[in-house]
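[1] here is my input, please return the structure:
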Amino acid sequence: GLHLGIESTIDVGPFNAIMIVTFVALVPPDLYRRAKDRLVARFAARGVSVLYDGACGICRASRARLEALDLLRRLVFVDIRDSAAMARLPRVRMEDAERTMHTLAPDGSLALGFGALRRIAREVPLLWLALPLLYAPGVAPLGERVYGWIARNRFRLSHCPDGACAVHARGLGPAPKVGA
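    Predicted coordinates:
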């Protein structure tokens, strides 16, 4: 605080910036780890389950990117190809999960497609900057259309060396509607 105050009121060149960086560098790493663990423990309890298709290259890549951004571990990923995991989610029909991404909140509410993307953005602090755009007037219908197109074509857009994409691409109809 002191160095920030001096920096904002007195022109002493890079001295304050150097002192702040030095201070941060001298803090024991264990202190950072404990602070991070405390934050994760506090906020991870609100975990939202994200249902994704482990047979889909785009879905797996999206999961990897989200896991990298989810520093507080608020997202719990569930592969819809894992029958044991899906058995614990009786409200979600496999046919619907194959057509569109679902999120399941701790309160039991489901969000699908673009709504699931919005829920994920609300849960991951590094995505909070995207929230004004995701909730801007008129964005939801456009977001649903773009998400729907990607979901319907994800196996064609994915790199699938083993041919699994061709098998899964057959028979995918329109995405389910929320509440359907």
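
[2] where's the residue lying closest to residue 144 once chain neighbours are set aside relative to residue 147, distance?
    The shortest distance from residue 144 to any residue other than its chain neighbours is 4.7 Å, reached at residue 114 (C-beta to C-beta, 6 or more residues apart in numbering). In this view, the C-beta of every residue, glycine as well, is placed from N, C-alpha and C. Shown here: residue 114 relative to residue 147, a distance of 4 Å by C-beta to C-beta, to the nearest Å.

[3] just give the number of residues close to residue 103.
    Residues lying near residue 103 (other C-beta atoms under 10 Å) number 25.

[4] ok, the helix or strand hosting it: who's next to it in the sheet?
    Here residue 103 sits within strand 102-104, counting by DSSP states H and E. Counting by DSSP bridges, the strands paired with strand 102-104 are strand 48-52 (antiparallel), strand 110-112 (antiparallel).

[5] and these: which comes nearest residue 151?
    strand 110-112 (9.8 Å; C-beta to C-beta).

[6] run the chain-centre distance for the closest one.
    14 Å (C-alpha atoms, centre = their mean, to the nearest Å).

[7] what does stretch 10-21 give?
    For stretch 10-21, the distance to the chain centre is 37 Å (C-alpha atoms, centre = their mean).

[8] low-scoring stretches of this structure, by residue?
    Counting by pLDDT under 70, the low-confidence segments of the chain come to 1-8, 11-12, 16, 40-46, 159-180.

[9] now do the helices in it.
    Taking DSSP state H as the test, the helices found in the chain are 2-9, 15-26, 29-43, 57-69, 83-87, 94-99, 114-123, 131-134, 139-157, 164-169.

[10] re earlier: which one's more surrounded, residue 114 and residue 147?
    residue 114 (24 against 19).

[11] tell me how far residue 74 lies from residue 131.
    Taken as C-beta to C-beta, the span from residue 74 to residue 131 is 15 Å.
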